[in-house]
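1. Just to be clear, the model below is a prediction. Sequence and coordinates:
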Amino acid sequence: TCVGVDIGNSSFNISENNEFDIYYSEPLRGIIYDSGGKKLVSNVQSFSVVLRKKFIKDKEMLASVLSNLGEILGIEPEKILAETGIKDSADYFERLPDEVLLGEDISREAVLEIESNSEKFPGVSIEKKYSREYPWGQAFSHIVGFLGRVSPKDVEKGYAVHDSIGKDGLEFVYENELKG
């Protein structure tokens, strides 16, 4: 007997665009305590939107993804890339880095919308991360310091585009111990 399977054109097209990516989850950044054991800095969950260029075929596909993303995030599509520092020019697609951080501190509603409609967002991934929470506000900011976005040089040193790095105070001095 001979068995044949007809997957049809739509199933074939889906299988042709079926790609995956592997990425690693980083450990939580360390918590800072005072000498009495009270938290000066802790972590709260947040979400980032990252675009991976290898899943975007061309400029038109990127424009579609940004348009769909703009609807959910309430941002004009042109401003999404502009906020990353990427200028809209004739060759911007070619100059697009392998990974681009498109948004931080995304609401849970937006995360659910993006994840439940993933076919409209090829190359887009939601990355769970943790932001710093300073229970004492600015009272100890001159000692504790703060975090900032990584620079291109930091990415070359092994940081991811969506990582934060200690820029001042204890966050800076103890970067290697706190980063996890």
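-> Thanks, I have the structure now. Worth saying up front: this structure is predicted, and the values here are computed from it rather than measured.

2. Quick one: distance of stretch 41-52 to the chain centre.
-> 7 Å (C-alpha atoms, centre = their mean, to the nearest Å).

3. Run through who's touching the lengthiest helix in the chain.
-> For the chain, the longest helix by residue count, based on DSSP state H, is helix 59-73. With C-beta atoms under 8 Å, 6 or more residues apart in numbering as the test, helix 59-73 has contacts from 49, 51, 56, 75-81, 93, 96, 102-103, 106, 110, 113-114, 117, 120-124. No exception for glycine: its C-beta is placed from N, CA and C like everyone else's.

4. Now do the buried residues in it.
-> Across helix 59-73, burial judged by 16 or more other C-beta atoms under 10 Å covers 62, 65-66, 68-69, 72-73.

5. Buried among the contacts of helix 59-73? Need that as a selection in PyMOL.
-> Under the burial definition 16+ other C-beta under 10 Å, those of those that qualify are selected in PyMOL by:
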select buried, resi 49+51+56+75+77+80+81+93+96+102+103+106+110+113+114+120+121+122+123+124
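
6. Which members of the contacts of helix 59-73 are positioned in strands?
-> Counting by DSSP state E, the contacts of helix 59-73 place 49, 51, 102-103, 124 in strands.

7. Show the residue spans covered by the helices in this structure.
-> Taking DSSP H as the criterion, the chain carries its helices at 8-16, 59-73, 77-82, 92-95, 108-116, 141-144, 152-156, 169-173, 175-178.

8. Is residue 34 in contact with residue 41, as I believe?
-> No. Counting by C-beta atoms under 8 Å, no contact exists between residue 34 and residue 41, whose distance comes to 10.2 Å.

9. what about the two, which has more around it?
-> residue 41 (23 against 12; other C-beta atoms under 10 Å).

10. ok, now how distant is that one from residue 132?
-> 6 Å (C-beta to C-beta, to the nearest Å).

11. One more: residue 169?
-> From residue 169 to residue 132 the distance is 12 Å (C-beta to C-beta).

12. Give me the pLDDT for residue 103.
-> Per-residue confidence (pLDDT) for residue 103: 88.

13. which residues does it contact?
-> Contacts of residue 103 (C-beta under 8 Å, 6+ apart): 48-49, 69, 73, 75, 80.

14. Farthest-apart pair in those residues, please.
-> Greatest spatial distance among the contacts of residue 103 (C-beta to C-beta): 48 and 75, at 14.4 Å.
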